[in-house]
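Asker: Give me a 3D structure for the following:
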Amino acid sequence: MGMLSEFREFAVKGNVVDLAVGVIIGGAFGKIVDSVVKDLIMPVIGRIVGGLDFSNYFITLASPPADYKGPATYEALSKAGVPLFAYGSFLTVLLNFIILAFIIFMMIRQINRLKRDEPAAPVEAAATPEDIVLLREIRDSLKR
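Answerer: As a prediction, the model looks like this:
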């Protein structure tokens with residue numbers, strides 16, 4: 001079997017197609033969760049902790065160049081090449097991950113709940129095959 005035919009067989013398997021669909025839907029769903037975190041949750045958290053833009057929480061690890069006259073925001077300083085310890089951006093991504101993981105957990109939990117079958121009715125003991133009955137009779141007669 002040639003490599004091309006092996007690849008074709010692999011690519012048309014149901015699992016590969018399901019995986020591709022899952023990746024595409026997951027990417028779109030990740031953008032939705034990213035927007036919820038960035039546009040809805042983080043501004044509220046930023047307001048609670050005293051700042052308006054949580055992504056602008058950072059620590060400069062070096063001073064900007066002497067000729068830099070721009071604003072002291074994360075975006076402007078990172079474009080200027082100033083090394084930054086951007087813990088606000090990290091916390092935003094971490095919260096994004098936690099929310100996404102929780103939503104996926106809830107979805108898998110529901111899917112597993114739907115997949116559970118009703119408990120099977122107790123099965124009556126199957127009749128013992130005739131040859132085994134005969135072997136037991138022979139065994140019992142030899143013990144006597």
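Asker: helix, strand or coil for residue 102?
Answerer: On the three-state scheme (DSSP: H, G, I helix; E, B strand; the rest coil), residue 102 is labelled helix.
Asker: Quick one, grab the pLDDT at the residue nearest to the spatial centre of the chain.
Answerer: Most central in the chain under CA atoms, centre = their mean is residue 101, positioned 5.2 Å from the mean C-alpha point. You'll see residue 101 listed with a pLDDT of 85.
Asker: got it, and the one 5 residues further on?
Answerer: Listed pLDDT for residue 106 reads 86.
Asker: Which positions in the helix or strand harbouring it come out as buried?
Answerer: Using DSSP states H and E, residue 106 sits in helix 87-115. For helix 87-115, burial by neighbour count (16 or more other CB atoms under 10 Å) applies to 88-89, 92, 95-96, 100. No exception for glycine: its C-beta is placed from N, CA and C like everyone else's.
Asker: Report the separation between the residue nearest to the centre of the chain and residue 9.
Answerer: Separation of residue 101 from residue 9 (CB to CB, to the nearest Å) stands at 34 Å.
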